[in-house]
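S.K.: Got a sequence here, can you build the structure:
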Amino acid sequence: MTYGRRTFIKKAGIGLGIAYLAPSLVACSSRSGTIDKHRDIGIQLDTLRNLLDGQLDVTLGRIAEIGFSHVETFGPKIDEAGKVSFWGVPTGDLGKRLREHGLKTYSGHYNLTDFLTPGNGNDHELRVFIEAAAELGQRYLIVPAPPISRVDQFQRSDYEFMADQLNKGAELAAGSGIKMGYHNNFWEFRPLEDGQRGFDILLDNTTDTVFELDLFWSEKSGIDSLEYFENYPGRFPLWHVKDMDKSNTAPVVGPEEDRKPAMEIVKGISYAEVGSGSINFERIFARQESAGLEHIFIEQDVITIDPFESISKSYAYVSTELL
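M.R.: This is a model prediction of the structure:
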């Protein structure tokens, strides 16, 4: 594999906290239980967020060249006319460019802060995003995070409200042949006032909502991901596959950590290319059938080497060692 001219993402100044706080970043047939390594490895485009604005075609070309077959979108914006664009590219144009590079998109991250905020619950953006997802041919509309400004104050009632809203959203999305989904971070695993996890409340109180399990965040929270496959079989058709820096494996959930602001914790986290870190992915992938797995997305929140070299390393490990 040749990489051509290298473009570096500097670690300084980049972090998941920034990605979630910035408005632009908050944001096919398949066989359940089995992944075809020749066709079904995707990438969450937020991994290459600095290479999309003005460089979309080059970036998509490199993604396809490496071997990825599909991408997960993020960061859509709605203009005054109600039209959706991604990194300055209209939805229809994005779909055209993906097709030109032989890439599909089954899933997208769509920020729904208003819809998930108690006292608000406005579904205008959700309805617009459903139309955009349908235009792209996506089957999953995923909430990437809850209202970020509230995560440190979350109580059981917040998660119960979000579960109710996800149920409503799932009903709306189903009309367009789309499934509503939720992507976890680490704060959903913090124990609440009654000792229960917010993630469990979402799972217990939703019906048609699916869940995109971010394996990094579950493992980094000290959670056994397999516990969820056993307790909620078939609820996790989508996975984010990213690895943990071997020198920085301390859990981010616990009595001491739970008192810290979430964004303060985020700043101290470091990542690794898949297969070079501490997560035992072989053990997790062995249980993909019980999870109901359909699609995986390689992701890395912060890259410290050439980004295309980084995703190539992750792709190679997943395709040769896990699938």
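S.K.: Number of residues surrounding the nearest residue to I201 once chain neighbours are set aside?
M.R.: Spatial nearest neighbour of I201, excluding adjacent residues (CB to CB, 6 or more residues apart in numbering): Y159 at 4.0 Å. In this view, the C-beta of every residue, glycine as well, is placed from N, C-alpha and C. Other residues within reach of Y159, judged by other CB atoms under 10 Å, total 22.
S.K.: does Y159 really touch T206, like I thought?
M.R.: No - at 10.4 Å, Y159 does not count as touching T206 under the criterion of CB atoms under 8 Å.
S.K.: quick one: what helix or strand has the residue nearest to I201 in it?
M.R.: helix 156-174 (DSSP states H and E).
S.K.: which stretches of the stretch 151-300 of the chain form helices?
M.R.: 156-174, 198-204, 215-220, 225-231, 262-267, 281-285, 288-291 (DSSP state H, counting those that start in this stretch).
S.K.: As JSON lines, those with mean pLDDT would be great.
M.R.: As requested, the helices of the stretch 151-300 of the chain are arranged in JSON lines below (pLDDT from 0 to 100):
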{"stretch": "helix 156-174", "mean pLDDT": "98"}
{"stretch": "helix 198-204", "mean pLDDT": "98"}
{"stretch": "helix 215-220", "mean pLDDT": "98"}
{"stretch": "helix 225-231", "mean pLDDT": "97"}
{"stretch": "helix 262-267", "mean pLDDT": "96"}
{"stretch": "helix 281-285", "mean pLDDT": "98"}
{"stretch": "helix 288-291", "mean pLDDT": "96"}
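S.K.: Turn these into a markdown table, including distance to K242.
M.R.: What follows is these, written out as a markdown table (distance: least, CB to CB, whole Å):
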| stretch | distance to K242 |
| --- | --- |
| helix 156-174 | 24 |
| helix 198-204 | 18 |
| helix 215-220 | 4 |
| helix 225-231 | 13 |
| helix 262-267 | 14 |
| helix 281-285 | 10 |
| helix 288-291 | 16 |
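S.K.: Check the burial of the closest residue to L213 other than its chain neighbours by counting its neighbours.
M.R.: Distances taken as CB to CB, 6+ apart place F236 nearest to L213, at 4.6 Å, with adjacent residues excluded. By the criterion of other CB under 10 Å, F236 has 25 neighbours.
S.K.: Now do the same for F236: its pLDDT.
M.R.: At F236, the model reports a pLDDT of 98.
S.K.: ok so, going back, just the helices of the stretch 151-300 of the chain: most buried one?
M.R.: With neighbours defined as mean count of other CB atoms under 10 Å, the helices of the stretch 151-300 of the chain peak in mean count at helix 215-220, which reaches a mean of 25.
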